[in-house]
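Got a sequence here, can you build the structure:
(chains A and B)
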2 protein chains.
Amino acid sequence: MPRPSSPLLSPEIIGSAGLALARAGEPFGVNAIARELGVRPSSLYNHVDGMDGILELMRGELVEGYRVEWHGEPWDEFVLAVLRTQRRMYADHPQLVPLLVGKTITHPAVIAAYDDLASVLVDGGFPDDEVLSVIAVIDAFAIGFGLDLASPDEVWQPEGGTRTLGRLIDGAERGSARSDRTFELGVGLLLDSLRARLVGTPPVTGQASSRF
Amino acid sequence: MPRPSSPLLSPEIIGSAGLALARAGEPFGVNAIARELGVRPSSLYNHVDGMDGILELMRGELVEGYRVEWHGEPWDEFVLAVLRTQRRMYADHPQLVPLLVGKTITHPAVIAAYDDLASVLVDGGFPDDEVLSVIAVIDAFAIGFGLDLASPDEVWQPEGGTRTLGRLIDGAERGSARSDRTFELGVGLLLDSLRARLVGTPPVTGQASSRF
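Below you'll find the predicted structure:
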């Protein structure tokens, strides 16, 4: 009987295996991935540079699975689509968030996604020296709202009396209805503010501002 | 020689021990905390209801350490102070974020902090049925910017050519200067938008909107 050919390894296969293990709540280090793929740990090292390399491959697989292509729509529509998709991505993988945010991004697919966003914002009229800050704000938003979507159905459960919170909770929506409403409010506030900044409309800077 | 009296246990002591272990990157379950405090695991169960209870005590200790008291300032100043402090809190404990967001909040100190925020927003003029959404937006912001602050000095390192991203990175700030600038932009956008909403100024809803 011929020996079975050894399984093909590639960065994509390694990244996918790591991501699948992480999703299942399993360890996803070199040994665990090698066991999952039925290869020796040493053969992984031909494709990946230790744990940092594995995390970056996992990020690549993750981001490619939630990639939003740009089809010529205005920057604010594109940003909204990116925010919706990334919110879902982070909500589906909350445990990966602290690992990924702590690492420099090098994966070509992830760089390409950020390059698209940067290009759309520059083309949309944002000044060069502001675009990376706007991107970081968008990122922070997506992460924050992704984790909000991963919240339990009941966010607060006061056991004693409160001045205001308990009264507000009594009549409020719960679960994904609550989180969706929060996201719509947040995304509306962000996009309105970015549009106003771009158009050059001076924002309202205090409660005493005049109304037009 | 008299037996040493057994160490006093309290929810605060257990929460602090768990938080100290988590900060040090150590496991912080019942057994680890009991070992750290020099008591039997069974004696912890007089004060805490398993892992969920421990996490909630840790959240209480964490939030009390970053508590912002309200001293009568306007809602937007208070929100800014809360955002600054919570950003630091999440940046200091990124690994706790996914654990904490997934759990219903019951700790009296944390409920009290949210109750303060809710009261300040209601007093500031936000309608009752909007305050919990505004609070969730503020939370999402704090978490997102906290994790942004925990980013590495170099967020992106493209290994190939890019259309826009590489050019923007070349001239950009790095490290905490980058993150601080992002936070100031983001917080400005958020507060401007919230103020505009409160005052009732219709936001700019598209690039083609008229200017006044």
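
Is the helix or strand of chain A with the lowest mean pLDDT positioned near chain B?
One helix or strand of chain A scores below all others by mean pLDDT, DSSP states H and E: helix A:97-101, with a mean of 89. Yes: using C-beta under 8 Å from any C-beta of the partner chain, helix A:97-101 reaches chain B at A:97-98, A:101. Glycine gets a C-beta too; all of them are placed from N, C-alpha and C.

With stretch A:48-57 instead?
No: applying C-beta under 8 Å from any C-beta, one finds stretch A:48-57 out of contact with chain B, separated by at least 10.3 Å.

what sits up against that stretch?
For stretch A:48-57, the external contacting residues (C-beta atoms under 8 Å, 6 or more residues apart in numbering or on different chains) are A:11-12, A:14-15, A:18, A:28-30, A:33, A:99-100, A:103, A:105-107.

Please identify the buried residues of the helix ranked longest in chain A?
For chain A, the longest helix by residue count, based on DSSP state H, is helix A:175-199. Within helix A:175-199, the residues that count as buried by 16 or more other C-beta atoms under 10 Å in any protein chain shown are A:178-179, A:181-183, A:185-198.

With stretch A:145-161 instead?
Result for stretch A:145-161 [16+ other C-beta under 10 Å]: buried residues A:145-151, A:155-156, A:158.

Alpha carbons of it, as CSV, please.
Below are the C-alpha coordinates for stretch A:145-161, written out as CSV (Å, rounded to 0.1, in the frame of the first residue of the first chain):
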residue,chain,number,x,y,z
PHE,A,145,-20.4,47.7,19.6
GLY,A,146,-19.3,44.1,18.8
LEU,A,147,-18.7,43.5,22.5
ASP,A,148,-22.0,45.2,23.3
LEU,A,149,-23.8,42.8,21.0
ALA,A,150,-22.1,40.0,22.9
SER,A,151,-23.6,41.3,26.2
PRO,A,152,-26.2,39.1,28.1
ASP,A,153,-29.9,39.7,27.5
GLU,A,154,-30.0,41.5,30.9
VAL,A,155,-27.1,44.0,31.1
TRP,A,156,-28.0,45.2,34.6
GLN,A,157,-29.8,43.5,37.4
PRO,A,158,-29.9,45.9,40.5
GLU,A,159,-30.4,44.0,43.7
GLY,A,160,-31.1,47.2,45.7
GLY,A,161,-32.9,50.5,45.1
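
So it, near chain B or not?
Yes: against chain B, stretch A:145-161 shows contacts by C-beta under 8 Å from any C-beta at A:145, A:147-148, A:150-152, A:154-160.

Can you give the contact residues for that stretch?
By C-beta under 8 Å, 6+ apart, stretch A:145-161 touches A:83, A:86-91, A:94, A:97, A:165-166, A:169, A:174-176, A:178-179, A:182-183, A:186-187, B:97-98, B:101-106, B:108, B:111, B:114-115, B:136, B:139-140, B:143-144.

from the chain's centre, how far out does that stretch sit?
Centroid displacement of stretch A:145-161 relative to its chain, using C-alpha atoms, centre = their mean, to the nearest Å, is 20 Å.

same check, this time on stretch A:130-144
Counting by C-alpha atoms, centre = their mean, stretch A:130-144 is centred 10 Å from the centre of its parent chain.

so where do the strands sit in chain A?
Remark: strands of chain A are absent; assignment by DSSP state E.

can you list the domains in it?
Following automatic domain parsing, chain A resolves into domains at A:8-65, A:69-199.

End to end on the first one, go ahead and measure it.
Spelled out, that is domain A:8-65. With C-alpha to C-alpha, to the nearest Å as the measure, domain A:8-65 spans 22 Å from end to end.

Weed out the non-buried ones from the contacts of stretch A:145-161.
If we count by 16+ other C-beta under 10 Å, these have these buried: A:83, A:86-87, A:89-91, A:94, A:97, A:165-166, A:169, A:178-179, A:182-183, A:186-187, B:97-98, B:101, B:105-106, B:111, B:114-115, B:136, B:139-140, B:143-144.

Show me what A:W156 is bridged to.
When bridges are called by DSSP bridges, A:W156 pairs up with B:I105.

separation between it and B:H93?
Computed as C-beta to C-beta, to the nearest Å, the A:W156 to B:H93 distance reads 20 Å.

At which residues are the helices of chain A located?
With DSSP H as the criterion, chain A has helices spanning A:11-23, A:30-37, A:41-44, A:50-65, A:75-92, A:97-101, A:108-124, A:128-149, A:165-170, A:175-199.

I'd like those as a markdown table, with distance to B:V120 appended.
Compiled in a markdown table, those are given as follows (distance: least, C-beta to C-beta, whole Å):
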| stretch | distance to B:V120 |
| --- | --- |
| helix A:11-23 | 39 |
| helix A:30-37 | 48 |
| helix A:41-44 | 53 |
| helix A:50-65 | 38 |
| helix A:75-92 | 27 |
| helix A:97-101 | 29 |
| helix A:108-124 | 34 |
| helix A:128-149 | 20 |
| helix A:165-170 | 12 |
| helix A:175-199 | 18 |
